[in-house]
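Q: Quick one, fold the following:
(chains A, B, C and D)
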Number of protein chains: 2
Amino acid sequence: MVASKRAKRAKRITIADVAREAGASVATVSRVLNGVDTVAPGLAERVRSAMDDLGYRPSAAAQGLARGRSGTIGVLVPDLANPYFHDIIKALSAVARSAGGRVLVMDSNEDPAVERELTEDLLRYADGLLLCSPRMPRADLAAMAGRGTPLLVTNRQVQGLALHSITVDFFRGIMALCGHLARLGHRRVLYLEGPRHAWANGERLRALSGAEAFGLDVVTLPCGSTTDEGYAVAPAALESGATAVIAYNDFVALGVLARFSELGVRVPDDISLTGFDEIDMARFAAPPLTTVAVPRDRLGQAAGEALGRIMAGGEDIEPETIPVELRVRSSTGALS
Amino acid sequence: MVASKRAKRAKRITIADVAREAGASVATVSRVLNGVDTVAPGLAERVRSAMDDLGYRPSAAAQGLARGRSGTIGVLVPDLANPYFHDIIKALSAVARSAGGRVLVMDSNEDPAVERELTEDLLRYADGLLLCSPRMPRADLAAMAGRGTPLLVTNRQVQGLALHSITVDFFRGIMALCGHLARLGHRRVLYLEGPRHAWANGERLRALSGAEAFGLDVVTLPCGSTTDEGYAVAPAALESGATAVIAYNDFVALGVLARFSELGVRVPDDISLTGFDEIDMARFAAPPLTTVAVPRDRLGQAAGEALGRIMAGGEDIEPETIPVELRVRSSTGALS
DNA sequence: TGGAGGCGGGAAACCGGTTTCTCACCGGTG
DNA sequence: CACCGGTGAGAAACCGGTTTCCCGCCTCCA
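A: Now for the predicted structure:
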């Protein structure tokens, strides 16, 4: 065998092979495959053992084509590395799996252009889509919606667009943090801003703009959503004169904390610090982070169920808002 | 409109619609779609604008069926939440995308049974599979291989099975850690074991069994792969009498570190501590973790390229081993 | 015993693309 | 002017399933 010549289409085992082997028709094999119970037990058994013997595995593409749906729901996240999305994906997967489906995950790398492209692609594969915290412009979002495929968006509300959405109550989360800090006697608070396009950042800012009701004076500093960015911005945070820092999320807070620790700044004695999201690591920081717990599994589950309803034709899904919960730990302290 | 009645198959826009609209045949539309250049420019333009007008989007299922491949490569990971796998997935996605493909990710939740089930499912969808650190028994793995679909496995070697694999040089990584600790004067070292089924754990143990060559006396303690487990085992680690702890991975090390910090144990003054993998957070711990950097992006890229070669029919892929690199930071110190 | 009704199971249409095959039409050549 | 190779584009086969339609056979009842 000198050189294999072109690997001629690799002869896949098809339903016809099984039918032949079992001495039945393809229709019957299909029936057995799908649990239609109008097949005589004996025949069904023959078919099953033929499938076993041949190691038959129905082609997903053919099934999808014939059935008119793929049993797949697509998920687009801005960053797979963010644990924020894992729990969502996990919960959604669980919902999908229990319905015999699966989840197709893609990562847009925070890039709005890529995001649009991938969404376009996902639409061709999936029966329904979950866009997590999409950064793409309103117009793109509008184009994706009303395309027939059920669409659900988390953590973004687009006014005037008939878009099913599930959001987290960031607003109330920030309010809770403000209340907490105010009670501890803080007056001057620094907010480290997240990504510019993120709706989540907008909501936080919106909530903070009402912080004077707590007697708080809020200043802001552009930052980002990563530990690195938090680490980098920490010195500037110190110079702001604030006695408490509200980081965009836990990652940023951990970065700030690391830098503070290097600089000999004590938390919370010298300055208080809060995160947001309650990622696992928040608990294990030194000191453990005061943060806002976002029930992401619940979000994922709600998303799955909502998508299920939309796909089943339930036109009228009302927007859901997931509540959050303040988690007080020792990274915040009373103003001495 | 009282109640929508059964949502009758939702009239998808097909290639035939485009053909009709453009006054061309479906074959021609397909040609335009696939960039076959034997179509007259004028006609092609008409087709393109028809596609635009109708918002046409070719069905992935139909394309997959007709082409005999889906353009998708499947990835199975034991735990999506582990950053270890993100970089792999990202790198692999990049490779796939540059070839016009995509990646279908599934998460087995560390459960060998689920793992097998999902692999089975993935085989129906994908042109090729990457199994990351599979925990499933050898027999299952054997069943999956030789099923026709190209298969690549990372971080697991199965003797006597013709299985393409890419592994990380855990062995040498542990050796490097041992050498480092020995040089610092440590003699008694504790290893916190990872998951029992993990090949990665076996490799570490294998390497440690040769640690006496460094003059090290190694004891072990069952632990796991999570921060929680590290946190939990920390007190027992103290009692082992070891002067240095090698954690299964960075997560575990961070948990240990957190507990140590609570207990007032100073690292590295009282005890040295190392991780493995170099996750982002390792750098930001207090103190920053000495660990072993695993070039995961390189692993992902290598996996993508290897899969590409296998799929192209290149029978003879030799097993690759990705080198690692010791990263010395301040969680390890000289024995006083 | 004959006819109605029920049921198991096969033939074939269909899902929406890709690709092969074929043909009409073109300019070029002897 | 007849013939030929080349080329653009349509018709139809095909990918591997699902599902509808229909038919033959068996049972039950009159």
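Q: A:Arg188 is in contact with A:Ala242, isn't it?
A: Yes. Counting by Cβ atoms under 8 Å, A:Arg188 touches A:Ala242, with 4.7 Å between them. Placement of C-beta: from N, CA and C, glycine included.
Q: Pick out whichever of the two has more residues nearby.
A: Higher neighbour count among A:Arg188 and A:Ala242: A:Ala242, with 22 against 15, using other Cβ atoms under 10 Å in any protein chain shown.
Q: Let me know the distance separating the more buried one from DNA strand D.
A: Note on A:Ala242: its distance to DNA strand D, by Cβ to the nearest atom of the strand, to the nearest Å, is 62 Å.
Q: circling back to that earlier point, find residues that contact each of A:Arg188 and A:Ala242.
A: The contact sets of A:Arg188 and A:Ala242 overlap at A:Val219 (Cβ atoms under 8 Å, 6 or more residues apart in numbering or on different chains).
Q: Provide the secondary structure category for A:Val153.
A: strand (DSSP: H, G, I helix; E, B strand; the rest coil).
Q: That one pairs with what?
A: A:Leu131, A:Ser165 (DSSP bridges).
Q: all strands for the stretch 51-200 of chain A, in order.
A: Secondary structure of the stretch 51-200 of chain A (DSSP state E, counting those that start in this stretch): strands located at A:72-77, A:102-107, A:128-132, A:151-154, A:164-168, A:188-193.
Q: Turn those strands into CSV, columns for mean pLDDT and distance to A:Asp270.
A: What follows is those, written out as CSV (pLDDT from 0 to 100; distance: least, Cβ to Cβ, whole Å):
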stretch, mean pLDDT, distance to A:Asp270
strand A:72-77, 94, 36
strand A:102-107, 89, 38
strand A:128-132, 95, 36
strand A:151-154, 93, 37
strand A:164-168, 93, 31
strand A:188-193, 98, 13
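Q: and the residue most central in space within chain A, what is it in contact with?
A: Taking Cα atoms, centre = their mean, the centroid of chain A lies closest to A:Phe85, which sits 3.6 Å from it. A:Phe85 makes contacts with A:Val77, A:Asp79, A:Cys132, A:Arg296, as judged by Cβ under 8 Å, 6+ apart.
Q: Give me the below-cutoff pLDDT ranges for the stretch 1-150 of chain A.
A: Scanning the stretch 1-150 of chain A for pLDDT under 70 picks out the ranges A:1-10.
Q: which residues of it fall in helices?
A: According to DSSP state H, counting those that start in this stretch, the stretch 1-150 of chain A carries its helices in the segments A:15-22, A:26-33, A:41-54, A:60-67, A:83-98, A:112-125, A:138-144.
Q: how far out from the middle of the chain is the longest one?
A: With Cα atoms, centre = their mean, to the nearest Å as the basis, the distance from the averaged C-alpha position of helix A:83-98 to the chain average is 8 Å.
Q: So which bits of chain A are right by DNA strand D?
A: Proximity of chain A to DNA strand D, by Cβ under 7 Å from any atom of the strand, involves residues A:12-16, A:26-27, A:29-31, A:33-34, A:56-59, A:62-63, A:65-67.
Q: Which ones among those also lie next to DNA strand C?
A: Answer for those near DNA strand C (Cβ under 7 Å from any atom of the strand): A:Val26, A:Ala27, A:Ala62, A:Leu65, A:Ala66.
Q: Neighbour-wise, which one of those residues leads?
A: Per-residue neighbour counts (other Cβ under 10 Å) across these peak at A:Leu65, which has 19 neighbours.
Q: Go ahead and confirm that residue touches B:Ala62.
A: Yes. With contact defined as Cβ under 8 Å, A:Leu65 counts as touching B:Ala62 (5.3 Å).
Q: hang on, the earlier thing: farthest-separated two in the ones next to DNA strand C among the residues of chain A next to DNA strand D?
A: Greatest spatial distance among these (Cβ to Cβ): A:Ala27 and A:Leu65, at 16.8 Å.
Q: Out of the strands of the stretch 51-200 of chain A, flag the one nearest DNA strand C.
A: DNA strand C sits nearest to strand A:72-77 of all the strands of the stretch 51-200 of chain A, at 15.7 Å, using Cβ to the nearest atom of the strand.
Q: what are the C-alpha coordinates of the closest one, in CSV please?
A: Extracted C-alpha coordinates of strand A:72-77, given in CSV (Å, rounded to 0.1, in the frame of the first residue of the first chain):
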residue,chain,number,x,y,z
THR,A,72,-28.9,22.8,19.5
ILE,A,73,-29.0,26.1,21.2
GLY,A,74,-26.2,28.6,20.6
VAL,A,75,-24.5,30.7,23.2
LEU,A,76,-22.3,33.6,22.5
VAL,A,77,-20.2,35.0,25.3
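Q: can you give me the angle that strand makes with strand A:128-132?
A: Relative orientation of strand A:72-77 versus strand A:128-132 (axes from the mean of the first three to the mean of the last three Cα atoms, to 10 degrees): 10 degrees.
Q: any idea how far strand A:72-77 is from the chain center?
A: The answer for strand A:72-77 is 9 Å, by Cα atoms, centre = their mean.
Q: Show me what that strand is packed up against.
A: With contacts defined as 3 or more Cβ pairs under 8 Å, 6 or more residues apart in numbering or on different chains; DSSP states H and E, strand A:72-77 has these neighbours: helix A:83-98, strand A:102-107, helix A:112-125, strand A:128-132.
Q: in its sheet, what does it sit against?
A: strand A:102-107 (parallel), strand A:128-132 (parallel).
Q: what's the most buried one of those?
A: Mean neighbour count (mean count of other Cβ atoms under 10 Å in any protein chain shown) peaks for strand A:128-132 among the strands paired with strand A:72-77, with a mean of 26.
Q: Show me what that one is in contact with.
A: Applying Cβ under 8 Å, 6+ apart, the contact partners of strand A:128-132 are A:73-78, A:85, A:88, A:92, A:119, A:122-123, A:141, A:144, A:149-156, A:303, A:307, A:310-311.
Q: Would you mind getting the angle between it and helix A:83-98?
A: Going by the same axes, to 10 degrees, strand A:128-132 makes 160 degrees with helix A:83-98.
Q: partner residues bridging A:Pro222?
A: For A:Pro222, the beta-bridge partners are A:Glu193 (DSSP bridges).
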